[in-house]
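In: sharing a model that was predicted from the sequence below.
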Amino acid sequence: MVSALWARVLLAMLVVLDFVGYLVRAATIEDNSDYQSCISNPSDCTVMILSWNSLTGTIPTEIGQLTALTHLGVSMCELTGSIPTEIGRLTALTWLNVSINGLTATIPTEIGQLTTLSQLFMEINELTSSIPTEIGRLTALTELRMHDNNLTSTLPTEIGRLTALEQLWVGSNEGLCGDLVSVGSVGTSYGCDDSSPDCGISNTNLGNACQSALLSSSNTAMMDPPDSDSSSSDPAVVAGAVAGGVLAGLAVIGSSYFLRMRMRHLRLG
């Protein structure tokens with residue numbers, strides 16, 4: 001009875017502490033202990049997730065030394081500068097997330113060397129110029145997100161080589177237009193003209209490729225508490241579950257509100 005209540009209180013506290021920790025962690029990627037550990041032992045580092053760490057500064061070129069990485073995440077930080085060309089050395093990557101930062105300059109052509117990538121998230125930054133044609137080499141991609149940047153020119157026809165692609169998000173790039181070629185399992189040609197440049201293609205909105213609504217990222221992880229014992233009708237257990245649920249709910253709502261405010265700050269800052 002008491003343990004059920006405390007389990008739920010602990011869950012709520014963990015969510016809040018994770019949120020608070022976001023505000024107080026290392027200032028730059030180089031200062032981060034996980035990064036330092038990976039640089040010290042690059043062959044043993046296969047996963048490095050530094051998202052939600054309030055990191056500032058740039059992505060260091062030394063990240064190219066971590067050639068064993070399969071998963072790299074630096075989203076929801078305050079990173080600036082360009083994506084280093086050394087990213088192309090991480091040829092074991094299957095998942096790369098640099099979204100929701102202040103990254104600028106062009107997408108490096110070396111991105112085309114990451115041929116094992118299945119998911120690439122670069123949305124909500126300040127990336128400029130055209131999408132490199134080398135993107136067509138990433139034939140293992142199932143999801144590609146580049147929306148909410150400053151990309152220009154037309155979509156490269158090389159996207160048509162991405163035969164495994166299930167989701168393509170390139171909306172809210174005011175300088176980007178052109179026809180969306182036949183892409184993977186989507187299998188139909190879609191286009192957006194200059195008056196409606198927001199494009200979003202997935203298996204769930206095939207008939208609505210061009211739309212004026214803002215297409216934003218929703219790459220949030222769900223954390224569900226353990227299933228409660230439905231056979232128990234003890235009033236104390238029920239009360240504990242309700243109290244714990246309220247606390248967890250408030251924590252999640254607070255974190256969600258902060259996320260929305262942070263995204264607004266990054267968009268307007």
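Out: Perfect, thanks for sending it.
In: in this structure, which helix or strand is least confident?
Out: strand 190-192 (a mean of 40; mean pLDDT, DSSP states H and E).
In: partners of residue 153 in the sheet?
Out: As for beta bridges, residue 153 partners with residue 176 under DSSP bridges.
In: what does residue 145 give?
Out: Applying DSSP bridges, one finds that residue 145 bridges with residue 121, residue 169.
In: the strands in this structure, which residues?
Out: 47-49, 71-73, 80-81, 95-97, 102-103, 119-121, 128-129, 143-145, 150-154, 167-169, 175-180, 190-192, 200-201 (DSSP state E).
In: give me whichever of the ones you listed is most buried.
Out: Mean neighbour count (mean count of other CB atoms under 10 Å) peaks for strand 200-201 among the strands of the chain, with a mean of 24. Where C-beta positions appear, they are placed from N, C-alpha and C, glycine not excepted.
In: pLDDT of that strand, averaged?
Out: On average, the pLDDT along strand 200-201 is 44.
In: in a markdown table, list the strands of the chain along with distance to residue 30.
Out: Output for these, formatted as a markdown table (distance: least, CB to CB, whole Å):
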| stretch | distance to residue 30 |
| --- | --- |
| strand 47-49 | 13 |
| strand 71-73 | 15 |
| strand 80-81 | 13 |
| strand 95-97 | 19 |
| strand 102-103 | 17 |
| strand 119-121 | 23 |
| strand 128-129 | 25 |
| strand 143-145 | 27 |
| strand 150-154 | 27 |
| strand 167-169 | 31 |
| strand 175-180 | 33 |
| strand 190-192 | 40 |
| strand 200-201 | 36 |
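In: between the ones you listed, which gets nearest to residue 62?
Out: Proximity to residue 62, assessed across the strands of the chain by CB to CB, is greatest for strand 47-49 (12.4 Å).
In: packing partners of the closest one?
Out: Counting contacts by 3 or more CB pairs under 8 Å, 6 or more residues apart in numbering; DSSP states H and E, strand 47-49 packs against helix 33-40, strand 71-73.
In: just name the most buried of these.
Out: strand 71-73 (a mean of 20).
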